[in-house]
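**Q** Dropping the sequence and predicted coords here.
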Amino acid sequence: MIPFWKDYQSAVAAFDIQFCELRDSRWWVPGPTPTAPCPYAFRCQHENDSQPAPYALLPYYGCARNASQQDLFVKMIDKDTAEDQIYRYLAGCKELYDNRTFQCVLPSTAIIGSPYKFAFAVMPMWGAEYRITDFNTLRAILIFIRCTLIGLTFLHDHRIAHRDIHESNILLNWYCRDVQKASCSERLRAHYQSSSALYALFDFDQSLHLPPTTSLKDCLRPASEALYGISIYHPTDIYQGEPYYNPFAFDVACLGNLFLFYFAEAIPANPFLAALFSRMTTHVIDDRFSAAEALAFVREIEGGLSPSALDSTVTLKPDYDNLDHPERYWSRLHPDDQIKWQAHRPPPLTWTTCVLRRISTTEVGCRVVPFVRRLLHIY
């Protein structure tokens, strides 16, 4: 690995970038790191006061620094792919490099070519070592929800379907390799509540960039593409033998399922979350929020909350059952709240949907049902 990265030192140096030292399969990132505006992140104080810190990354990632001594990570990407094209496209989006207009999508600061079929995408170093289960206030939860919806709205506005939404593809603008230490963990928890906390979507190796005239509501892609990416938060959009699916609606449901998995315990005290999560994940796709609609809903609700409400404590307990059984979290609401938000509650599955799902689980059904639906133009 070491000779490989060293071979490209001169190529990255042309961009005023220097690889960090790679030793014992770890990248040794020196300190201190000066504070810089977004899209650069905050580095834990103890690393800024210490010797170089070791970072263990996957083989296709590297660590580097620019001329301003900002920490960077470098990802090897295949040339002439959707991922390559998306990183190059995002590099031209000026709002991603301005602290006042940052859209919660991590951009590349450079794309460095090679003579072979790969290139290097260089990005600001952000952190992945946060724990959503440590969010202990409504404020921390809403910061996470708002940021990820801002990022998804931006991508969809530019007709980029992410198609691989899960925790490891959402980064925090704070990083440290020793978050298990008590002092570092305390700083991280404080950052969750801070007005400077930001989360950003990244990693586009499963993504799709469509023409700007593509309809977000009516876009259809082959159902086989719905199997791309990590499936843990995938909705049931193709469970009825659909031959096509909408990748933008699918993204929204994936993010909504992530919210449901982690934040359902916060619903009884904050019933508007039941409405939000239900409209993001409903099996009736025509009734599903777009990313922009979900963001507008959150901003409207958030603007009406008092500081004491935002600082109310929450104990999170992740539960996958909430993804398949919305009645579980709706039943925990006060009857008055159920009535207030009833318009957002998803309807029960119809008998035809249940039958199609059952048939589509069989070896014959999973082939016949899509064929018949395609023949009859039932998408």
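**A** Noted; the coordinates are in hand.
**Q** Please enumerate residues in contact with the helix or strand Y87 falls within?
**A** Applying DSSP states H and E as the criterion places Y87 in helix 82-90. Here helix 82-90 makes contact (CB atoms under 8 Å, 6 or more residues apart in numbering) with 77-78, 96, 105, 107-108, 111, 119, 121, 158, 160, 204-205, 207-209. For the C-beta atoms, the positions are set from N, CA and C on the backbone; glycine is no exception.
**Q** Just the buried residues of stretch 347-356, please?
**A** L356 (16 or more other CB atoms under 10 Å).
**Q** let's have the chain start at 76 instead
**A** Okay, using 76 as the starting number, the last item reads as stretch 422-431.
**Q** so how far does it reach from one end to the other?
**A** 17 Å (CA to CA, to the nearest Å).
**Q** Tell me if C138 really is in a helix.
**A** No. Counting by DSSP: H, G, I helix; E, B strand; the rest coil, C138 falls outside a helix, being strand.
**Q** can you give me the helices for the stretch 76-225 of the chain?
**A** 77-81, 84-88, 120-123, 157-165, 213-232 (DSSP state H, counting those that start in this stretch).
**Q** One more: the stretch 276-425 of the chain?
**A** Using DSSP H, counting those that start in this stretch, helices in the stretch 276-425 of the chain cover 322-338, 347-356, 366-378, 382-385, 396-399, 401-405, 410-415.
**Q** Can you check what angle separates the first one from helix 213-232?
**A** Looking back up the chat, that one is helix 322-338. 170 degrees (axes from the mean of the first three to the mean of the last three CA atoms, to 10 degrees).
**Q** Dump helix 322-338 to PDB, restricted to CA.
**A** The C-alpha trace of helix 322-338 is given here as PDB (Å, rounded to 0.1, in the frame of the first residue of the first chain):
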ATOM      1  CA  PRO A 322     -35.200   6.600  -7.000                       C
ATOM      2  CA  PHE A 323     -35.900  10.000  -5.500                       C
ATOM      3  CA  ALA A 324     -39.000   8.800  -3.600                       C
ATOM      4  CA  PHE A 325     -36.900   5.800  -2.600                       C
ATOM      5  CA  ASP A 326     -34.100   8.100  -1.200                       C
ATOM      6  CA  VAL A 327     -36.700   9.900   1.000                       C
ATOM      7  CA  ALA A 328     -38.100   6.700   2.400                       C
ATOM      8  CA  CYS A 329     -34.600   5.400   3.100                       C
ATOM      9  CA  LEU A 330     -33.800   8.500   5.100                       C
ATOM     10  CA  GLY A 331     -37.200   8.400   6.800                       C
ATOM     11  CA  ASN A 332     -36.600   4.700   7.800                       C
ATOM     12  CA  LEU A 333     -33.300   5.700   9.300                       C
ATOM     13  CA  PHE A 334     -35.100   8.400  11.300                       C
ATOM     14  CA  LEU A 335     -37.700   5.900  12.400                       C
ATOM     15  CA  PHE A 336     -35.100   3.300  13.500                       C
ATOM     16  CA  TYR A 337     -33.400   5.800  15.800                       C
ATOM     17  CA  PHE A 338     -35.900   8.400  16.800                       C
END
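**Q** ok, which stretches of the stretch 76-225 of the chain are strands?
**A** Ranges of strands in the stretch 76-225 of the chain, per DSSP state E, counting those that start in this stretch, are 92-94, 96-98, 101-104, 117-118, 128-130, 136-141, 146-153, 185-187, 193-199.
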